[in-house]
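Undergrad: Build me a structure from this.
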Amino acid sequence: MRKVVLYSGKVCPFCEMVKEWMINNNVAFDEIIVDDNPLKMKEMIKLSGQMSVPFTYIVDDNKEYGIYGFDLPSLNKYLLEDD
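TA: Sure thing, here's the model as predicted:
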């Protein structure tokens, strides 16, 4: 089963674009806003190696994928092609 987590920020237009894309494409996801949550920020940095949002983390059949920013080709590849 696929799990999708969007690490985002409170004032982030690209985060909003990713969320809107996921909603419009019926992709179930959990959102973690890292602005006021240092533990989740550390978790995101450990997973992504970066400090910027948005970061989409996907676990699917024990494989892990990370998507930085609003990367439409990657969102389509990892979240739509297998549906």
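Undergrad: In three-state terms, label the residue nearest to the spatial centre of the chain for me.
TA: With distances taken as Cα atoms, centre = their mean, residue 56 lies nearest the centre of the chain, 1.6 Å away. Secondary structure state of residue 56, per DSSP: H, G, I helix; E, B strand; the rest coil, is strand.
Undergrad: OK, contacts around it?
TA: 4-7, 18, 29, 66-67, 75 (Cβ atoms under 8 Å, 6 or more residues apart in numbering). (C-beta placed from N, C-alpha, C; glycine too.)
Undergrad: for this structure, what spans make up the helices?
TA: 13-24, 38-48, 72-79 (DSSP state H).
Undergrad: can you redo these as JSON lines with mean pLDDT?
TA: Shown next, in JSON lines, are the helices of the chain (pLDDT from 0 to 100):
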{"stretch": "helix 13-24", "mean pLDDT": "98"}
{"stretch": "helix 38-48", "mean pLDDT": "96"}
{"stretch": "helix 72-79", "mean pLDDT": "95"}
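Undergrad: Make TSV out of those and add mean neighbour count and distance to residue 60.
TA: Conversion of the helices of the chain to TSV gives the following (neighbours: other Cβ atoms under 10 Å; distance: least, Cβ to Cβ, whole Å):
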stretch	mean neighbour count	distance to residue 60
helix 13-24	15	15
helix 38-48	14	15
helix 72-79	15	8
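Undergrad: for the ones you listed, which one sits closest to residue 61?
TA: helix 72-79 (11.9 Å; Cβ to Cβ).
Undergrad: Which strands or helices does the closest one pack on?
TA: helix 13-24, strand 55-60, strand 63-68 (3 or more Cβ pairs under 8 Å, 6 or more residues apart in numbering; DSSP states H and E).
Undergrad: Make TSV out of these and add distance to residue 33.
TA: Shown next, in TSV, are the helices and strands packed on helix 72-79 (distance: least, Cβ to Cβ, whole Å):
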stretch	distance to residue 33
helix 13-24	9
strand 55-60	12
strand 63-68	17
